[in-house]
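Colleague: Quick one: sequence plus predicted model below, questions after.
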Amino acid sequence: MMSNQTAHTPLPRWTDGINAYLPVDLPSSNSSLSYRISTHAVSADLQCHALSPTGPSAYNMTWSDHGHSIDLSVSVPKPGTSRAVCTDIQDNYNPTRNAGMGIYTQQGRNAMEIGVLLTSRNDTEADIFCRQHVLAGWVRADFTADQPPRPESNWPYDVMTMSNITSTMMLCTPKLMRGDATSKSTATVKCHV
């Protein structure tokens, strides 16, 4: 789908730009026949809004000393007046790690794309609420090694300083849809719904 939007390549035969359709085997490869087929359609709609590092919808980024992992959290408004603090799901399932999301950084200017599922350690209700959201964004930063690695270290550098950090983050709520569809198709032509 992305290459269709950016490079105008054709869509796969099982999509129409809005929905993807579960494939159906046609009984014949005779191109003069047409078929009316009942199948299922699935699609997704993302509702996203930009976040800032300060304010009520703030996100927090905490880097590890070695610069190879990052903890992410965001304050998400719940229905009513309360908020949930949602965190990177990887950190919650491996709390012994230094920080949440593992990344590979090296000295110099680095650019990272981030997309993480969210969760909460607070309680089951907050966890279910947070799992309905995705945190996505981009980070650029300069990394400078402050100390060479110890022999037992798994990282190229034990301490790195981050500077000139710029980031754009957004919180997205995906809405998944499924429905029945009837399509008309031939053996050589993509389906028409």
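Modeller: Yep, it's here. Quick caveat: nothing in here was measured; it's all calculated off a predicted structure. Residues are numbered from 1 along each chain as shown.

Colleague: same question for the lengthiest strand in the chain, mean pLDDT?
Modeller: Counting residues, the longest strand in the chain under DSSP state E turns out to be strand 159-186. When the per-residue pLDDT values of strand 159-186 are averaged, the result is 83.

Colleague: So for that strand, what gets flagged as buried?
Modeller: Neighbour-count burial for strand 159-186 flags 160, 162, 167, 169-171, 181, 183, 185-186 (criterion: 16 or more other CB atoms under 10 Å). C-betas here are computed from N, CA, C, even on glycine.

Colleague: how much space between residue 167 and residue 22?
Modeller: Note on residue 167: its distance to residue 22, by CB to CB, to the nearest Å, is 38 Å.

Colleague: Quick check, central residue of this structure?
Modeller: Here the mean C-alpha position of the chain is nearest to the C-alpha of residue 115 (CA atoms, centre = their mean), at a distance of 3.5 Å.

Colleague: residues near the closest residue to that residue other than its chain neighbours, how many?
Modeller: Once its chain neighbours are removed from consideration, residue 115 has its nearest residue in residue 136; the separation is 4.6 Å (CB to CB, 6 or more residues apart in numbering). Summarising burial for residue 136: neighbours were counted as other CB atoms under 10 Å, giving 16.

Colleague: Over to residue 136. Which of the three states is it?
Modeller: Of the three states, residue 136 takes strand under DSSP: H, G, I helix; E, B strand; the rest coil.

Colleague: That one contacts residue 168, doesn't it?
Modeller: No: between residue 136 and residue 168 there is no contact, the gap being 9.3 Å when judged by CB atoms under 8 Å.

Colleague: any weak-confidence spans in the protein?
Modeller: Applying pLDDT under 70 to the predicted model, the residue ranges of the chain that meet it are 1-6, 26-31, 65-69, 90-105, 147-159, 184-193.
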